[in-house]
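A.B. asks: Sequence first, then the predicted structure, then my questions.
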Amino acid sequence: MKTLKNRTLLTLTAGVAMAVSTGANASETLKLAHFVSPAHVVNSSIVYPFKEGVEGQTEGELEVKVYPGGELGSGPKEQYPRVLQGVADIAWGIPGYTSSQFKKSMVVEMPGAIPDGMHGYDMLWNAYEDQLKSEFPGTKPLALWTSEPSIFIMKDEEIHTPKDLEGLKIRVSGEMTAALIDAYGGTPVQMPAGEVYNSLQTGLIDGLVTGASAVNDFKLDEVANVYSVGAPLGHIMFYLAMNQNKYDSLSDEFKKAVDDNSGKELSRSGEQGWNARANETLKKIREDSDNEVIELNDEEIAKFEKIADEFRKQRLAEKGTENVLDAMRGE
């Protein structure tokens, strides 16, 4: 009788141990949300490299389920709060929509901030621990990167010099670019990317400043017809951020999979993807006879640069962020 009880106890103990062991590596799903279409470059260069890497490394035990097009809530401004609240475990966002939160991070967007031979993602990770980490409360950034250089995308308006911007309404994605366009003499208008098509079509805006990749992503070639390339307009910064509590709750194996497939390498993929899409898009734009592509000459660029250089110096001083740019550049 005693032997039978002992065997029963051993069997129960083994069962509990097996359940605990299995539970430690139980399948889990991470919800990744963004607000653009499945065709947007963020999917091919950031979302799916991360998803496929994590799922492959864990043999599908840690799933990354993607919710595009605002399925977990529309509105680019609300992406960060959705991660904090746990509506999404991971979200893609643009700091320019909530500029006040990312005062230091957005230094990388300034015209002339990224020197020749450096990349935006390198600069952001260079400064992350000492300067930028406080701007990402409650989250763990999985990728930080910048777009290709911004250009003027216009409807029926040629831009050669700052003087050409006088009286024109130019859509911008953040407060920094708004201040720059104001310095150039234009009238900045802030609105979500999803509203740009109709606004350009109806004349609510005369043009916009963004990377060429956006032309393809938002079908802007259907309403724009003049493109000016070469002015110092800076870049746009992006992040992919994960809820810190959700990350902390993962098993060590799952944390390693997240870590191994994020960080600088994923950020590099994003930046390369944006630049590749921009180059492809500009090539198609140039091949379309309905478009006019203005390649600014050195004299025209110099007129923009004179204003941009003064703008950058003054803004860094006003915001007290000279040391942030130094950290980004590794100085």
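C.D. replies: Great, that's in hand. Numbering: from 1, shown residues only.
A.B. asks: how far does the helix or strand hosting residue 285 sit from the chain's center?
C.D. replies: Using DSSP states H and E, residue 285 falls within helix 264-287. Mean-position distance between helix 264-287 and its chain equals 13 Å (CA atoms, centre = their mean, to the nearest Å).
A.B. asks: That one - contacts with which helices or strands?
C.D. replies: Packed against helix 264-287 by the contact rule (3 or more CB pairs under 8 Å, 6 or more residues apart in numbering; DSSP states H and E) you find helix 41-42, helix 48-57, helix 120-127, strand 139-146, helix 213-217, strand 226-229, strand 237-243, strand 292-295. In this view, the C-beta of every residue, glycine as well, is placed from N, C-alpha and C.
A.B. asks: and for the longest one, what are the contacting residues?
C.D. replies: Yep, that's helix 48-57 we're talking about. Contact partners of helix 48-57, identified using CB atoms under 8 Å, 6 or more residues apart in numbering, comprise 30, 32, 62-64, 66, 142-143, 240, 256-258, 260-262, 266, 269.
A.B. asks: Give me the subset of those lying in strands.
C.D. replies: Within the contacts of helix 48-57, residues falling in strands by DSSP state E are 30, 32, 62, 63, 64, 66, 142, 143, 240.
A.B. asks: wait, isn't residue 145 in contact with residue 125?
C.D. replies: No: the pair residue 145 / residue 125 is not scored as a contact, 9.3 Å apart, by CB atoms under 8 Å.
A.B. asks: Compare those two (neighbour count), which wins?
C.D. replies: Between residue 145 and residue 125, residue 145 has the larger neighbour count (other CB atoms under 10 Å), namely 30 against 20.
A.B. asks: Now for the more buried one: which residues touch it?
C.D. replies: 120, 121, 124, 237, 238, 267, 268, 270, 271, 274.
A.B. asks: mind checking how far it is from residue 174?
C.D. replies: In this view, residue 145 and residue 174 are 15 Å apart by CB to CB, to the nearest Å.
A.B. asks: can you check residue 252 too?
C.D. replies: 38 Å.
A.B. asks: who's more crowded, these two?
C.D. replies: Neighbours per residue, other CB under 10 Å: of residue 252 and residue 174, the larger number sits with residue 174, 22 against 9.
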